[in-house]
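Q: structure for the following, please:
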Amino acid sequence: MGQSRNKKNSSHLEVWVKMELWKMSQKVSELSDVIPYYFFSLVSSCLSLSTMMVILSEGSWGVLGIIVFSFYVVIPYLLFAVPVQVLFNKHPKKFSLIYFCLYIFFSLLAVFIYSSVLNFDFSMEVVTTKNYYAISLSAALIFWFWDSVFLQKKRSAS
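A: Coordinates of the predicted model:
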C-alpha cells in the first residue's frame, strides 16, 4: 500500500513538472516571437537618432558618422529605453502620449547620466544646455515612434 501511494505521488509530481515545463516553454516561445521586434525597434532608433545627429552637426561625417553615433547611442537605449519598452509592451498602446512622456523622462535621465559618466562631471551644468534637451527629446521621440511601429500592437486612444 505504501508503494502504491509513492507511485501515485510520483505520477502527480511528473504531471506537475510537465505542466510547469509546458508553461515555461510557452513563455519562451512568446518571448522569442517578439525579440526580433525589439531588435528592429532598437536598430531603427539608433540609426534614426544617429542620422539626425549627423545632419544637425553640419559636419562631414557622412555614413561613418551614422555608424559611429549608432554605437554611441545603443548603450543608453539598451540600459534605459529597452527595459521601459518591455514593461510597456505588457499593456501595448500605439502612439500613447503617456508612454511618450515616460520615454522623455527616462531619456532626460539617461542623457544626464551618460553625459556625466563620459565627461567625468557630475554637476548639474549639463541640464542648462540646449543640446541636452534637444538630444533627450529627439531620442525619446524616435524611440517612441519605432516602439509604436514595431511593438505596440493594440490600438489605443491615449
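Q: okay, and L141 sits in which element?
A: Using DSSP states H and E, L141 sits within helix 130-150.
Q: buried sites along that helix?
A: Neighbour-count burial for helix 130-150 flags 132, 135-136, 138-148, 150 (criterion: 16 or more other Cβ atoms under 10 Å). Any C-beta I mention is one placed from the backbone N, CA and C, and that applies to glycine too.
Q: what's near enough to touch the most centrally placed residue in the chain?
A: Nearest to the mean C-alpha position of the chain, counting by Cα atoms, centre = their mean, stands V82 at 1.4 Å. By Cβ atoms under 8 Å, 6 or more residues apart in numbering, the residues touching V82 are Y38, L42.
Q: same check on I113?
A: For I113, the contacting residues are P76, by Cβ under 8 Å, 6+ apart.
Q: buried set for the strand or helix carrying it?
A: Under the criterion of DSSP H and E, I113 resides in helix 97-119. Within helix 97-119, the residues scored as buried using 16+ other Cβ under 10 Å are 99-100, 102-104, 106-108, 110-112, 114-115.
Q: what's the answer for stretch 58-75, then?
A: Buried residues in stretch 58-75, counted by 16+ other Cβ under 10 Å: W61, G65, I66, F69, S70, V73, V74.
Q: by mean pLDDT, point me to the weakest helix or strand of this protein.
A: Within the chain, no helix or strand scores below helix 2-57, which has a mean of 75 by mean pLDDT, DSSP states H and E.
Q: what's the angle between the next helix or strand after that one and helix 130-150?
A: Counting by DSSP H and E, the next helix or strand C-terminal to helix 2-57 is helix 62-76. Put simply, helix 62-76 runs at 80 degrees to helix 130-150, going by axes from the mean of the first three to the mean of the last three Cα atoms, to 10 degrees.
Q: what packs against helix 62-76?
A: Helix 62-76 is packed against helix 2-57, helix 97-119, with contacts defined by 3 or more Cβ pairs under 8 Å, 6 or more residues apart in numbering; DSSP states H and E.
Q: dump those helices to CSV, plus distance to N89.
A: Formatted as CSV, the helices and strands packed on helix 62-76 follow (distance: least, Cβ to Cβ, whole Å):
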stretch, distance to N89
helix 2-57, 7
helix 97-119, 10
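Q: picking up where we left off before, helix, strand, or coil at the residue nearest to the centre of the chain?
A: Assigned by DSSP: H, G, I helix; E, B strand; the rest coil, the conformation of V82 is helix.
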